[in-house]
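Colleague: how would this look folded up:
(2 chains)
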Amino acid sequence: MTQTTDKLSKDQLLSLYRTMAVIRRTEEQLARAHQAGLIHGACHTYVGEEAVATGVCANLRTDDAVFSTHRGHGHALAKGVSPAALMAELFGRATGVSRGRGGSMHLFAPEVGMMGTSGIVGPCILQAAGAGYSFKLLNTDRVGVAFFGDGASNNGAFHEGLNMASIWKLPVLFICENNLYATEISINQSAGNPNVAERAVAYNIPGVQVDGNDVLKVYEAAREATLRARSGAGPTLIECRTYRTRAHAEGMRDAGYRSAEEVDAWKARDPLKLLAAQLPAADVAAIEAEVKAQVDAAYDFARNSPYPDPATATTHVFAD
Amino acid sequence: MRELTYTAAAREALAEQMAIDPTIFVVGEGIGPRGGNFMTTAGLYDLYGPMRLRDTPIAERGFIGLCTGAAMTGSRPVVDFMFLDFILDGMGELINQVAKIQYMSDGRLKMPIVLRGSIGVGGSAATHHSGNYYSIFAHIPGFKVVLPSTPYDAKGLFKTALRGNDPVMFLEHKLLLNTKGPVPEEDYEIPFGQARIARAGGKGCRATVVALASMVRKTLEACDQLAKDGIDIEVIDPRTVAPLDTDTILESLHKTGRLLIVDETFAPCGIGAEIAAQAVDRALDDLDAPVKRLNGAFAPTPYSPPLEAAMIPNATTIEAAIRDLLAE
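Modeller: Alright, predicted model coming up:
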């Protein structure tokens, strides 16, 4: 279908599909768990946007650093967090990725380079630039990656982060997941120029807009940006046009700000279906069966995990 | 022993630690070739170059956030705000990110970041260059808040800050920057949470005065005056307000029976209120009089010298406050 397809082996394509399937099936299980009352707080799913985290993280090493948002389950899973540790976190268990301290919006797994998701919009952009600064100072070829939404692109952190990354040529990928709505406010209402990638010109860095539902397009753009960053040439802004097909958060009403036709049109461009169309059906079915078993096991693990010991509620405020 | 200014003592600590720890870098406006508005980094750019002495755009929120990410990934940033008032543009990054990430990551991430800047009323700096703010940070779990009042303490406390793994606010009162005092050439650290007895009272000592930052010197001046009348006072400089060494304060109170807290900044919800509450809670039987506070006025800081002087305690008002306490 695309030139990129020819460059990737069948195993690589299947691997991309597997990652997207892990995200999708985990999110669907989390949505059911939310309805069942197993999730104590918020739950922002990544359904519909799987190609972005998958295409970007397929280019990263474990020691590259990802900084993410309130909608960060997909980034965590794509960077190497297990569905079991993610689910256990949302269920408030001691085995959760943040040991039950964070829930949906505070996922930390530094051992796989998942440096945190955040309940505040914007800081991840600056922190990824800071990781880039560290990696340059320490003479490594590691990269920092910020995932953020179109909402964050209108926040001052975007300007300050991209400007500093540009002037100091920091090894950073700025991945804007433009899903067209900041909660329920359209980008057309909140941005003087809704084409986020065009803003790269203002910082004298490359800016590209890609179809964020086509994992191969995302993969290719991120591959170039990663190579560029590792080579010392500096940061890249990638705007991935995508869509959140579920509500902003589970349990929220999802009406009045977008039309059913718009949602249906994006569902027809489901990133898993787009890739599956290029793969043997039997391989896809085999991956789906494997992922279902993994997610079922994760759910059982999470549900049966212990809650944290209340005696640990105030540990680790300080290191020293 | 040789004498150094407060600023030179802190700079020596930074220079010595940068020489042995290549992960330290400093960011700020004019801290590169210019050497810092207050000479905090003078001479260091020539030794360590732009990656480690990084002049920044005027983007306080931005470079606090950048240094947050750097601290999470193996570096030790020092953020030099020049005037601490400029930190306020980055309060969200500080309170929601810097202070919380170690806890939220269950201790798997460290946050070794030092945030330094000049504080305090003086020199007609006016309201955007005169803030103190340490009570705000002391209220937040996750920050260590350091207020050196002598060159000796500036060097030792800065060394501790640069070697620890927690966020440290290192706050330098602008009226102290050019004061001189003895500073050893050798390496030393001063632990956080350990108050200094700035003036030891004798057997007949009748009051304990806790003084912060530049108020330590002014309180010692007041005590010199009182000594002429045979009045003996013990003065305690907490040196860090988070953690706060209340044990040393209460030990002194046990001896003297009276307690006054002299703090240039606002009284409501301040360090003095915290000390008073702990004294009442833990040492009620030791109190021969109500705990008293002497604070700066609860208003922004004006420019004109007579207005500015009216805002904060001085040796005369401190002396009067101590006499009032003794009369209780």
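Colleague: stretch A:246-265: how far from the chain's middle?
Modeller: Going by CA atoms, centre = their mean, to the nearest Å, the spacing between the C-alpha centre of stretch A:246-265 and its chain's C-alpha centre is 20 Å.
Colleague: other residues contacting that stretch?
Modeller: A:27, A:30-31, A:34-35, A:39, A:42-45, A:47-48, A:181, A:183-186, A:243, A:245 (CB atoms under 8 Å, 6 or more residues apart in numbering or on different chains). To be clear about C-beta, it is placed using only N, CA and C from the backbone, and glycine gets the same treatment.
Colleague: what about the residue nearest to A:Ile39 when sequence neighbours are not counted, distance to B:Ser105?
Modeller: In this structure, A:Ile39 finds its nearest non-sequential neighbour in A:Leu90, 4.8 Å apart by CB to CB, 6 or more residues apart in numbering or on different chains. Counting by CB to CB, to the nearest Å, the separation of A:Leu90 from B:Ser105 is 17 Å.
Colleague: can you tell me the strand partners of the top strand by length along chain B and which way each runs?
Modeller: When chain B is parsed with DSSP state E, its longest strand is strand B:76-83. Sheet pairing for strand B:76-83, assigned by DSSP bridges, gives strand B:24-28 (parallel), strand B:114-119 (parallel).
Colleague: what does whichever helix or strand comes after that strand rub up against?
Modeller: Downstream of strand B:76-83, the next assigned helix or strand under DSSP states H and E is helix B:91-92. With CB under 8 Å, 6+ apart as the test, helix B:91-92 has contacts from A:120, A:123, B:61.
Colleague: how about the residue nearest the centre of chain A: what's its closest non-neighbour residue?
Modeller: Geometric centre of chain A, nearest residue: A:His75, 3.1 Å, by CA atoms, centre = their mean. Distances taken as CB to CB, 6+ apart place A:Ser68 nearest to A:His75, at 4.2 Å, with adjacent residues excluded.
Colleague: got it, and B:Gln102?
Modeller: B:Met111 is the one closest to B:Gln102 (CB to CB, 6+ apart), at 5.2 Å.
Colleague: ranges for the helices of the stretch 201-328 of chain B?
Modeller: Here the stretch 201-328 of chain B has its helices, by DSSP state H, counting those that start in this stretch, at B:215-228, B:246-256, B:271-283, B:305-309, B:315-327.
Colleague: contacting residues around the first one?
Modeller: Right, helix B:215-228. Under CB under 8 Å, 6+ apart, the answer for helix B:215-228 is B:149-150, B:176, B:179, B:198-199, B:209, B:211, B:232-233, B:235, B:237, B:262-264, B:313-316, B:318-319, B:322-323.
Colleague: weed out the non-buried ones from those.
Modeller: For those, a burial check counting by 16 or more other CB atoms under 10 Å in any protein chain shown picks out B:149-150, B:176, B:179, B:198-199, B:209, B:211, B:232-233, B:235, B:237, B:262-264, B:313, B:315, B:318-319, B:322.
Colleague: next step: those residues restricted to strands.
Modeller: Going by DSSP E, the strands hold B:198-199, B:209, B:211, B:233, B:235, B:237, B:262-263 from these.
Colleague: pLDDT on stretch B:180-188, on average?
Modeller: Stretch B:180-188 shows a mean pLDDT of 98.
Colleague: how much space between the residue nearest to the centre of chain A and chain B?
Modeller: 15 Å (CB to the nearest CB, to the nearest Å).
Colleague: what's the helix or strand for that residue?
Modeller: Counting by DSSP H and E, A:His75 is found in helix A:73-79.
Colleague: contacts for that helix?
Modeller: With CB under 8 Å, 6+ apart, helix A:73-79 has contacts from A:19, A:22-23, A:26-27, A:30, A:44-46, A:49-50, A:52-54, A:56-58, A:60, A:66, A:68-69, A:83, A:86, A:97, A:104, A:107, A:109, A:112-114, A:117, A:147.
Colleague: pretty sure B:Asp21 contacts B:Pro77?
Modeller: No: applying CB atoms under 8 Å, one finds B:Asp21 not in contact with B:Pro77, separated by 12.0 Å.
Colleague: of these two, who's got more company?
Modeller: Set side by side, B:Asp21 and B:Pro77 show more neighbours around B:Pro77, with 27 against 11, by other CB atoms under 10 Å in any protein chain shown.
Colleague: my guess is the more buried one contacts B:Ala70. True?
Modeller: Yes: between B:Pro77 and B:Ala70 there is a contact at 5.0 Å, judged by CB under 8 Å.
Colleague: common neighbours of those two, please.
Modeller: Common neighbours of B:Pro77 and B:Ala70 (CB under 8 Å, 6+ apart) are A:130, B:25.
Colleague: for the helix or strand following the helix holding A:His75, what is the distance to the chain centroid?
Modeller: Once the chain leaves helix A:73-79, the next helix or strand it forms, by DSSP H and E, is helix A:83-90. How far helix A:83-90 lies from its chain's middle: 16 Å, per CA atoms, centre = their mean.
Colleague: rewinding a little: show me how to select, in PyMOL, the buried members of the contacts of stretch A:246-265.
Modeller: Buried residues within the contacts of stretch A:246-265, by 16+ other CB under 10 Å, are selected in PyMOL with:
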select buried, chain A and resi 27+30+31+34+39+42+43+44+45+47+48+181+243+245
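Colleague: mind checking which of the contacts of stretch A:246-265 are in strands?
Modeller: Reading strands off the contacts of stretch A:246-265 with DSSP E, I get A:181, A:185-186.
Colleague: out of those, the closest to B:Asn37 would be?
Modeller: A:Ile185 (41.1 Å; CB to CB).
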